[in-house]
Structure formats: C-alpha cells, structure tokens
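> build me a structure from this.
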Amino acid sequence: MAWFKKTAVTSSDPSKKVKIPEGLWVKCADCKEIVYRKEFEKNLKVCPKCNYHSRIGVKERIALTTDAGSFVEIAVELQSCDPLDFTDTIAYKERILSNQSKAGLKDAVTAGTAAINKNPAVVAVMDFSFMGGSMGSAVGEKMVRAAEAAIEHRLPLIVFTSSGGARMQEGIFSLMQMAKVSAAVGRLKKYPLPYITVLTDPTFGGVSASFAMLGDIIIAEPKSLIGFAGARVIQQTINQQLPDDFQQAEFLLKKGLIDKVVHRKDLKTSIARLIRMLRGAPKNA
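Numbering: from 1, shown residues only. The predicted structure follows:
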C-alpha cells in the first residue's frame, strides 16, 4: 500500500531558494551578538545590545561632529616619507601607498577648520584604519599645524584620538612627535584657547602618553580602550589579576583620569556646550 512506501525526497529547485544578501548582518566586536546592519548604522555604529562604540573613519566622524559643509582641510598634501629606508616583510614606502589606497587618506590624521553647532573650531581626527592610527612624522606635523591654525585664528582645538601608538617604521622620528605635539598644544594656554580631546577606541602608546591626555577637558566614548601598554603586558609585569573593565573608559572615569564618558549621538552637542563654556569663562577661571 502507498501508505507504507517511502517516497524519495527531491531537492528543491535552486531557482526557488531564498538568497540572503551578503553584509546584511554585523557581529559586534565586544559582545559578539549578531546585529541587523541597518539598525547598527542607524544607531551610529553603536551596538544596540551592549552599547559598544565601533570604530568609524574620518569622513563619518567629521559628518557626525561638524556642521554640514563647514569642514575645510588644512595641510592636505602632507604625508610620511621613509627617513630610515625601513624594510620589514614589506617596504615601508609600499605599506604607506597600500594604506593610502585602502583608507583613501594621506595619513592617519586629518585636520581642518570647521563649525560645531555654529561654534568655529579646529578639528583633528585620527583614523585607526590607516596603519592602526600610528603616529609618524606626518601625523605629528599635522597636529602641530592644527594647533598653529587654532592660535592663528584664535579658535579652540578639538582632537579625536584613535591610535596604537608611535609608528615603529620611523623609529626615533616617531617618538620625537610626542614632545613636538605636546609643546604645540601647550602654546594654546598662552592665549588662552580651549583644548578638548575625545578618546575613542583604541587610544594607546605614544598618543595616550602625550597629547591625548593633555586636554583641558578629556572626553571618551563608552567602552573605549585607553592606556599605554596592553592589559596582558601589564598583568604579566605586575603578576596580578586585573579588573574586567581595566582600561575601559568607564574605569578611567572612576579613577579620575578622564572627565566624562559621552555617547556618540551626544558628542556634538556636548563639545559645542563645552566650547561655549570655556570661551565664555573669565581669564582667571
């Protein structure tokens, strides 16, 4: 009888299979949850489940922070050379060209004049996608020129940091930028002009050990990793268990190393308010 006979299961028609487009979902780098890409981007690339602020590029940062059409770049053509003729697995010159092609940037920082809620300022933004946001001679020089532009036009300087530290391919030339940039931003106090730093994930090494932590006001995005050496190196050095939130922005705020943790959607408003407060304060405040 037909009731007791097994019927062969035929494969479905390939043309009728549901095709799911690639890139529809995003995996959070922190909580590892899968998030719908449109929801993720609508939330400014902040995970809706754990509030982790994913890294964003220079163009996105400028669009989120400055008034539309107000950004005018300075030192456009400035880029790193190869003072040490450094060659690893890939020649340094080739690595620079490769990163310029991928990131669409001349180097790891972009600076220019802009308006933030109608408050004029000089803005410098670091991009981790360009050689890990490493600080070479070009990055240091652009930062100095940003500080000089702020002094020339009597504007506040706003810096967004995202870096793994000094650029090893430039050796001592890279390390010199720590003192060079620190001296440049130190001259702002003479006028006086506000200097606000916004630490994003990650901010480490020579950048955190110099101009990143010299701001009159230091802001950080939630859950951003901030420090000098990595947690694993520190733990091996001191031979002690570190807290789970060690080097996160909230941990640094608790310890008094930064002033405020601000969600990405509130950064523009917060910076504009700080500029008005600092520019309006009396000289002896």
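> make it CA atoms for all contacts and neighbour counts henceforth
OK.
> okay, whichever strand or helix holds residue 234 in CSV with CA atoms only?
Using DSSP states H and E, residue 234 sits in helix 231-238. Provided in CSV are the C-alpha atoms of helix 231-238 (Å, rounded to 0.1, in the frame of the first residue of the first chain):
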residue,chain,number,x,y,z
ALA,A,231,46.4,44.7,29.7
ARG,A,232,48.2,41.4,29.0
VAL,A,233,51.7,43.0,29.2
ILE,A,234,50.7,44.8,32.5
GLN,A,235,49.3,41.7,34.0
GLN,A,236,52.5,39.7,33.2
THR,A,237,54.6,42.5,34.6
ILE,A,238,52.9,43.0,37.9
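> residues of that helix that come out buried?
Buried positions in helix 231-238, judged by neighbour count with 16 or more other Cα atoms under 10 Å: residue 231.
> C-terminal to the helix or strand where residue 200 lies, what's the next element?
Residue 200 is part of strand 195-203 when elements are defined by DSSP H and E. Using DSSP H and E, the helix or strand that directly follows strand 195-203 along the chain is helix 205-208.
> starting at the chain centroid, how far to that following helix?
Remark: helix 205-208 is offset 13 Å from the chain centroid, using Cα atoms, centre = their mean, to the nearest Å.
> how about the CA coordinates for it, as PDB?
These are the backbone C-alpha positions of helix 205-208, laid out as PDB (Å, rounded to 0.1, in the frame of the first residue of the first chain):
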ATOM      1  CA  GLY A 205      51.000  54.100  23.300                       C
ATOM      2  CA  GLY A 206      52.700  57.300  22.500                       C
ATOM      3  CA  VAL A 207      49.500  59.100  21.700                       C
ATOM      4  CA  SER A 208      47.900  58.400  25.100                       C
END
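> packing partners for it?
With contacts taken as 3 or more Cα pairs under 8 Å, 6 or more residues apart in numbering; DSSP states H and E, helix 205-208 sits against strand 157-163, helix 171-186.
> to residue 132, which of those lies closest?
Relative to residue 132, the nearest member of these by Cα to Cα is strand 157-163, separated by 5.8 Å.
> what's that closest one in contact with?
With contact meaning Cα atoms under 8 Å, 6 or more residues apart in numbering, strand 157-163 is reached by 121-128, 132-135, 146-147, 150, 193-205, 207, 212.
> what do you get for stretch 51-71?
If you take Cα under 8 Å, 6+ apart as the criterion, stretch 51-71 is touched by 28-30, 45-47, 110, 112-118, 125-129, 200-201, 221-224, 264, 267-268.
> pick the most deeply packed of the helices and strands packed on helix 205-208.
Highest mean neighbour count of the helices and strands packed on helix 205-208: strand 157-163, a mean of 27 (counted as mean count of other Cα atoms under 10 Å).
> residue boundaries of the strands in the stretch 1-150 of the chain?
Ranges of strands in the stretch 1-150 of the chain, per DSSP state E, counting those that start in this stretch, are 25-27, 34-36, 72-74, 109-116, 119-126.
> residue 176: which of those strands is closest?
strand 109-116 (16.9 Å).
> strand partners (parallel or antiparallel) of the closest one?
Applying DSSP bridges, strand 109-116 is found paired with strand 72-74 (antiparallel), strand 119-126 (antiparallel).
> what residues does that strand touch?
58, 65-67, 70-75, 120-127, 133, 139, 142-143, 146, 268, 271-272.
> kindly give a single PyMOL line that selects the buried subset of those residues.
For the buried members of the contacts of strand 109-116, the matching PyMOL selection, counting by 16+ other Cα under 10 Å, is:
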select buried, resi 58+65+66+67+70+71+74+120+121+122+123+124+125+126+127+133+139+142+143+146+268+271+272
